[in-house]
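Student: Kindly return the folded structure for what I paste below:
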Amino acid sequence: MGMTMAEKVLARRSGRAVVRPGDIVVTDVDLIVLADTVFSDTPDTLPTDLLRVAHPDRIVVLMDHGVPAPNERYARAQRRAREHARRLGFREVADVGGGGIEHQLIFERCLALPGQLVASNDSHTSAAGVLNCAARGLGLADILQLAATGRTWYRASPTVRFVLEGELPFGVYGKDVFLHLSQLYGSQEGHDIEFGGPGLETMPLDDRATLATMCTELNANFVMMPVDALLREHIAAVTDAAYEPVEPDPDAEYAAVHVVDLAEVKPRIALPHRINGNVRSAAAVAADGIRIDQAFIGSCANGKLSDLRIAARLLEGRSVADGVRLIVTPGSQAVYLEALRAGYIETLTEAGAVVTNSTCGACAGGHLGVLAPGEVCITSSTRNFRGRMGSADAEIYLASTATVAASAIEGVIADPMPHLVERPVA
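Tutor: Okay, the predicted model is just below:
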């Protein structure tokens, strides 16, 4: 019996010949990512001053949650992060003005490569699965132990495989694919997710990255996608480093295999205050005429250059509706710069949007777009849980960037298709 992609990575990094579901494996880790939140003051007085680390060349600090520091606590945390990086000789520090949201940075800079094992203290670490990496978020104590010793442990999980067929229809994006899966199959808690099939190769890398990121909300452990020509081209444009991708064995064993026809996916929206099993079509929600106070485009899921292009194309020559705040947060400084050169920032600003620096910001309810009690927000970020973006009495609807942009124009939750047909956006 063969192995899945995630099982192969765990076997490679633990020195085992075979890994099966339920096995506990002790592994090396190729990339250890520390966000600024690692260095925050902790209420339980957990000591977070690292005296030594095993492999400083494998550790990067990617500051993103509160950048620039919105308060003194974040300022102290980021100062400590810089001090640690200097003292211990970490591989890289992405600071204010030179970085962005960690998962976007891992993707665009290829900080990890196919076949590698990645760990971070952030829950959306599965985003690196788009690079054919086995990546998972760890708790604070675990990530500190890993940084200090260079090793950690995992219990291998059974894997659910999604075989994608067909092609996405016009006006449908990676976020819609995720919402489609969340409605049809719900939580995959306790399982890894593996994607494959000819349909995956028809999806742009940005959409694949969004899908890998959002699988955290399916409660998946590792999320992995194979290497194809498009991914190889992306990696070659960034680095000439060698890598060893993994593919599943033909006789790999899966807990379940689901065949998904991408042609059946439509624009979808998750209703407050949960995602799985709580999704409707955008057209159906739009029929309810739900007024919005805020629209947000950004986060590790949808702060990509393609997101800013979609939003700018729909808003060109138009205005954000009266009484609506449209906040756009690029996923990285590089995305911001490319959007600036392409004219997207100018278009969005002229339409009445506020374009912020690259940070987790409004997605995590930290700054740059916190919601007040009773407000309604439609967002292309990662979560719509109660209190996620501010007040627990606010309502959050989760959708694609196109749906968010269309809603910002209309002032109510809108079906993006009429806008997309009028102004075609690939």
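
Student: Test for you: state the pLDDT assigned to the nearest residue to Ala263 once chain neighbours are set aside.
Tutor: Distances taken as CB to CB, 6 or more residues apart in numbering place Gly166 nearest to Ala263, at 4.1 Å, with adjacent residues excluded. Yep, even glycine has a C-beta here, placed from its N, CA and C like the rest. On the pLDDT scale, Gly166 is placed at 98.

Student: Next: Asp41.
Tutor: At Asp41, the pLDDT value in this model is 71.

Student: Output the below-cut-off pLDDT ranges for the stretch 251-400 of the chain.
Tutor: In the predicted model, the stretch 251-400 of the chain carries no residue with pLDDT under 70.

Student: Give me the neighbour count for the closest residue to Thr125 other than its chain neighbours.
Tutor: Distances taken as CB to CB, 6+ apart place Gly137 nearest to Thr125, at 4.2 Å, with adjacent residues excluded. Residues near Gly137, counting by other CB atoms under 10 Å, number 20.

Student: next one: Gly97
Tutor: Look at Gly97: counted by other CB under 10 Å, it has 11 neighbours.

Student: pretty sure it is touching Ala334, no?
Tutor: No: contact criterion CB atoms under 8 Å: Gly97 and Ala334 do not qualify, at 11.6 Å.

Student: my guess is the residue nearest to Thr125 contacts Ala127, does it?
Tutor: No: Gly137 is not in contact with Ala127 according to CB under 8 Å; the separation is 10.0 Å.

Student: Contacts for the helix of greatest length in the chain, please.
Tutor: Among the segments of the chain that qualify as a helix by DSSP state H, the longest is helix 72-88. The contact list for helix 72-88 (CB atoms under 8 Å, 6 or more residues apart in numbering) reads 34, 36-41, 48-50, 52-53, 56, 59, 61, 63, 65-67, 69, 90, 93, 95-96.

Student: Apply 6 Å and report the result again.
Tutor: For helix 72-88, the surrounding residues in contact (CB atoms under 6 Å, 6 or more residues apart in numbering) are 36, 39-40, 50, 53, 56, 61, 63, 66, 69, 93.

Student: now swap in stretch 151-171 and tell me
Tutor: 4, 10, 19, 21, 23-26, 146, 188, 191-197, 199-200, 202, 221, 254-263, 417, 420.

Student: Separate out the buried members of those.
Tutor: 4, 10, 19, 21, 23, 25, 146, 188, 191-197, 199-200, 221, 254, 260, 262, 417, 420 (16 or more other CB atoms under 10 Å).

Student: Can you list which of those are found in helices?
Tutor: Within those, membership in helices is found for 10, 146, 199-200, 417, 420, as judged by DSSP H.
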